[in-house]
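# sequence and computational prediction follow.
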Amino acid sequence: MRRVNISHNNKRQTISFNTKQEFQNFVCFNTIHTEHNSDYVAEKVWDLNVGKSFTSDGYTYSIQSKARVGNQLVI
């Protein structure tokens, strides 16, 4: 799971995404990015380190936190 900060026009929102595909769909349908461009943006943002940012077409994306999703075996 990733918590992604999305800034545009001095407004910031933080949204959680479980998969890169879920994030790509959000970028495609909720920003001005096209479907082809949303794939590029999703690829770049998903692999960012916490605290780093990526800017594209007036939107700034940054990773607030990363968490592993799935069952973990504890012995």
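Okay, I see it.

# every contact and neighbour count from this point should use C-alpha atoms.
OK.

# for the lowest-mean-pLDDT helix or strand in the chain, buried residues please.
Sorting the helices and strands of the chain by mean pLDDT, DSSP states H and E puts helix 35-46 at the bottom, at a mean of 87. Within helix 35-46, the residues that count as buried by 16 or more other Cα atoms under 10 Å are 38-39, 41-42, 45-46.

# what pLDDT does the closest residue to Tyr59 other than its chain neighbours get?
Excluding its sequence neighbours, the residue lying closest to Tyr59 (Cα to Cα, 6 or more residues apart in numbering) is His8, at 5.0 Å. For His8, the pLDDT comes out at 93.

# still on that earlier bit, which of the buried residues of helix 35-46 sits closest to Ser16?
Trp46 (11.8 Å; Cα to Cα).

# in the protein, which spans are helices?
Using DSSP state H, the helices of the chain run over 20-30, 35-46.

# need those helices in TSV with distance to Asp57, can you?
Output for those, formatted as TSV (distance: least, Cα to Cα, whole Å):
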stretch	distance to Asp57
helix 20-30	12
helix 35-46	10
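
# for Ser53, find the nearest of the ones you listed.
Closest approach to Ser53 among the helices of the chain (Cα to Cα): helix 35-46, 7.7 Å.

# could you name the helices and strands sitting against that closest one?
With contacts taken as 3 or more Cα pairs under 8 Å, 6 or more residues apart in numbering; DSSP states H and E, helix 35-46 sits against helix 20-30, strand 53-56, strand 59-66.

# ok, which of those comes nearest Arg12?
Closest among the helices and strands packed on helix 35-46, once you apply Cα to Cα, is strand 59-66, at 9.1 Å.

# list the buried residues in that closest one.
Under 16+ other Cα under 10 Å, the buried positions of strand 59-66 are 59-64, 66.

# just the mean pLDDT for that strand, thanks.
92.

# how far off centre is that strand?
In this view, strand 59-66 has its centroid 6 Å away from the chain centroid, taken as Cα atoms, centre = their mean, to the nearest Å.

# still on that earlier bit, out of the helices of the chain, which is closest to Thr55?
helix 35-46 (8.9 Å).

# using PDB, write out every CA atom in that closest one.
Only the C-alpha atoms of helix 35-46 are listed here, as PDB (Å, rounded to 0.1, in the frame of the first residue of the first chain):
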ATOM      1  CA  GLU A  35      -4.200   6.900 -20.600                       C
ATOM      2  CA  HIS A  36      -0.700   6.600 -22.100                       C
ATOM      3  CA  ASN A  37       0.700   9.300 -19.900                       C
ATOM      4  CA  SER A  38      -0.900   7.900 -16.800                       C
ATOM      5  CA  ASP A  39       1.000   4.700 -17.200                       C
ATOM      6  CA  TYR A  40       4.300   6.600 -17.300                       C
ATOM      7  CA  VAL A  41       3.300   8.700 -14.300                       C
ATOM      8  CA  ALA A  42       2.200   5.700 -12.300                       C
ATOM      9  CA  GLU A  43       5.400   3.900 -13.100                       C
ATOM     10  CA  LYS A  44       7.600   6.800 -12.000                       C
ATOM     11  CA  VAL A  45       5.600   7.600  -8.800                       C
ATOM     12  CA  TRP A  46       5.100   4.100  -7.600                       C
END
